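Q: got a sequence here, can you model it:
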Amino acid sequence: MDYTGSSREAQHLCVLVHGLWGNPNHLEVMAKSLREKHPEENLHILVAKRNSGSFTYDGIELGGERVCQEIEEEIEKLAKAGQEIKRISLVGYSLGGLVACFCVGLLYSKGFFEKITPVNFASFATPHLGVRTPLRGWHNHIWNVLGARTLSASGRQLFTIDNFRETGKPLLEVLADPESIFIKGLALFERRTLYTNIVNDRSAVYYTTGISKSDPFTNLDKVKINYLKGYEDVILDPQTPVEPIEPEETHSTGYANIVRSSQTTIGRLPLFLAMIFFIPVGVVAFLINSGVQSLRSNRRIRLHERGLAGIQPSNYRVPLLITGMREAVEDVYENLNSAQDNEYLVVGTEEEAAQEEPADRPQSSRGQSKSNSSADDENPEKPGPRYEAPTLALAPYQFQMVQALDNVGFRKYPVYIHKVRHSHAAIVVRVDKPSFDEGRVVLRHWLDEEFLL
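A: Here you go, the predicted structure:
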């Protein structure tokens, strides 16, 4: 169903960008929710279409150029019909958040925001820091290097092993460079919001979607979760998402520990069995499909670079720095990705100390809803114990990316989807079914508390 709208009165354009292996149908519930909240005379909706399916293999740069062209063509089409767009918002889901960010930089470089006001930039489960698992040593080479070569250009960029335009940096690091057109463009938006899954996201884990150097949600048995009022059981309080449980509350007998251990082992049996019987077959199918799609993607990229794919790349190749079987394949990839365990910097070492922020430095990226912003202004820091999570073994450039993205200011909302084990899809209700209803709470919060018309 088309939720774009036929009214010629709307002056605000909202662009939705789907993720890897995705298509516009994945954002149908989001588009429908937007339309129910804002009538067509107030908001025009564009769901980007040109990166559908295997076209998402072609890389963030190509994807951003395609979306940029779609936006320009849509605005030109509306102008010919007598409709003037004065405000714009971009919303990205998963990989679509990175594509949207690249698009923002292109629009900024073309002077687009001098004529049209950027309003909302929102990302849902977007791997802003890439999908590299925080591993060190040979583990890093097994998954982070080999895994990067299964998704063509997008895979190399997501695993940050690419050399973007001979800059000596991966594309994602360039996206987060404080002097880049991308950060300069993002900074112009009236509001930047992100929603990040804290568990059960098999595609993009918390540290990267939440732009964080630590993960306080690795053991929820040891913390007390604090929810945002009115959105209980789904959206955490961004000011104090968790607190340490008092020692007496964590006390348990040896018998209880044995029972808990056995429950954990039993709960993992399906995964173990799947790895024994299904994964070998799935991996073969995945690698074969990846090889085929990579060949097709490389061919499309070559045509694109020669201007034979409907876009003239010269229109978008601007200076980057201001100063210089698809469902089954996706499931196999997600299972392999989620099987990797994070590693941490050793507490007390110089390496760990180097990543510590000053204790008196406030986080500018904490979320504030429309409904609670005044209260938070009066009492920005809630009293009570804070839970300090260990620092993840991120790459040095990832720590720099966290700092740069935090400086531009994202309002971050941790999301606890626990009634279904596929939170990556549920967070935007990728399929309209009851088991994804927790994602409807996320969309309701975004529309009621964060989205500016």
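
Q: where does pLDDT dip in the stretch 251-400 of the chain?
A: By pLDDT under 70, the weakly predicted segments of the stretch 251-400 of the chain are 251-310, 312-386.

Q: residue contacts, the closest residue to E243 other than its chain neighbours?
A: Distances taken as C-beta to C-beta, 6 or more residues apart in numbering put K224 closest to E243, at 4.7 Å, once the chain neighbours are dropped. Where you see a C-beta, it was placed from the backbone N, CA and C, and this is true even at glycine. Neighbour list for K224: 242-245 [criterion: C-beta atoms under 8 Å, 6 or more residues apart in numbering].

Q: check K37 too.
A: Contacts for K37 (C-beta under 8 Å, 6+ apart) come out as 447-448, 451.

Q: scan these and report the most crowded one.
A: Using other C-beta atoms under 10 Å as the neighbour criterion, F451 leads the contacts of K37 with 22 neighbours.

Q: next up, the contacts around that one.
A: F451 touches 34, 37, 89, 120, 122, counting by C-beta under 8 Å, 6+ apart.

Q: next one: the first one from G97, what distance?
A: When you say that, I think you mean L34. In this view, L34 and G97 are 17 Å apart by C-beta to C-beta, to the nearest Å.

Q: doesn't Y231 belong to a helix?
A: No - under DSSP: H, G, I helix; E, B strand; the rest coil, Y231 sits outside any helix and is assigned coil.

Q: for it, phi and psi?
A: Main-chain torsions, Y231, degrees, to the nearest 10: phi -130, psi 40.

Q: again, but for the one 10 residues further on
A: Backbone torsions of P241, given as degrees, to the nearest 10, read phi -60, psi -40.

Q: just to revisit the earlier point, using the three-state scheme, assign the residue nearest to E243.
A: Going by three-state DSSP: K224 is strand.

Q: distance of it relative to I198?
A: According to C-beta to C-beta, K224 and I198 sit 14 Å apart.

Q: helices of the stretch 51-200 of the chain, residue ranges please.
A: Per DSSP state H, counting those that start in this stretch, the stretch 51-200 of the chain carries helices over the ranges 60-80, 95-109, 138-139, 152-158, 171-175, 181-186.

Q: so which of these is the most surrounded?
A: helix 95-109 (a mean of 27; mean count of other C-beta atoms under 10 Å).

Q: relative to helix 60-80, how tilted is that helix?
A: 60 degrees (axes from the mean of the first three to the mean of the last three C-alpha atoms, to 10 degrees).

Q: how about helix 95-109 as CSV, C-alpha atoms only?
A: Taking Å, rounded to 0.1, in the frame of the first residue of the first chain, the C-alpha atoms of helix 95-109 are listed here in CSV:
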residue,chain,number,x,y,z
LEU,A,95,22.3,-0.6,7.0
GLY,A,96,19.8,2.1,5.8
GLY,A,97,21.0,4.4,8.6
LEU,A,98,24.5,4.4,7.2
VAL,A,99,23.1,4.9,3.7
ALA,A,100,21.0,7.8,5.0
CYS,A,101,24.1,9.3,6.7
PHE,A,102,26.1,9.1,3.4
CYS,A,103,23.1,10.7,1.6
VAL,A,104,23.1,13.6,4.2
GLY,A,105,26.7,14.3,3.4
LEU,A,106,26.0,14.5,-0.4
LEU,A,107,23.0,16.8,0.2
TYR,A,108,25.1,19.0,2.4
SER,A,109,27.9,19.3,-0.2
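
Q: give me the average confidence score over that helix.
A: The pLDDT scores in helix 95-109 average 97.

Q: ditto for stretch 49-67
A: 86.

Q: can you tell me how far the residue nearest to E243 sits from S423?
A: 20 Å.

Q: A79 too?
A: In this view, A79 and S423 are 40 Å apart by C-beta to C-beta.

Q: as TSV, the contacts of F451 with pLDDT would be great.
A: Converted to TSV, the contacts of F451 look like this (pLDDT from 0 to 100):
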residue	pLDDT
L34	97
K37	96
S89	98
N120	98
A122	98
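
Q: looking at these, point me to the pair that's furthest apart.
A: Spatial extent of the contacts of F451 (C-beta to C-beta) is set by the pair K37 and A122 at 13.8 Å.

Q: picking that back up, of all the helices of the stretch 51-200 of the chain, which one is nearest R440?
A: Ranking the helices of the stretch 51-200 of the chain by proximity to R440 (C-beta to C-beta) places helix 95-109 first, at 19.3 Å.

Q: what residue ranges in the stretch 101-250 of the chain score low on pLDDT?
A: Residues of the stretch 101-250 of the chain that meet the cut-off, pLDDT under 70, sit at 134-152, 247-250.

Q: mind listing the strands for it?
A: Here the stretch 101-250 of the chain has its strands, by DSSP state E, counting those that start in this stretch, at 117-124, 191-197, 223-225, 242-244.

Q: end-to-end on stretch 215-224?
A: From its first residue to its last, stretch 215-224 covers 15 Å (C-alpha to C-alpha, to the nearest Å).

Q: okay, buried residues for that stretch please.
A: Within stretch 215-224, the residues scored as buried using 16 or more other C-beta atoms under 10 Å are 215-218, 223-224.

Q: closest one of those to R440?
A: Taking C-beta to C-beta as the measure, F217 is the one of those closest to R440, at 21.7 Å.
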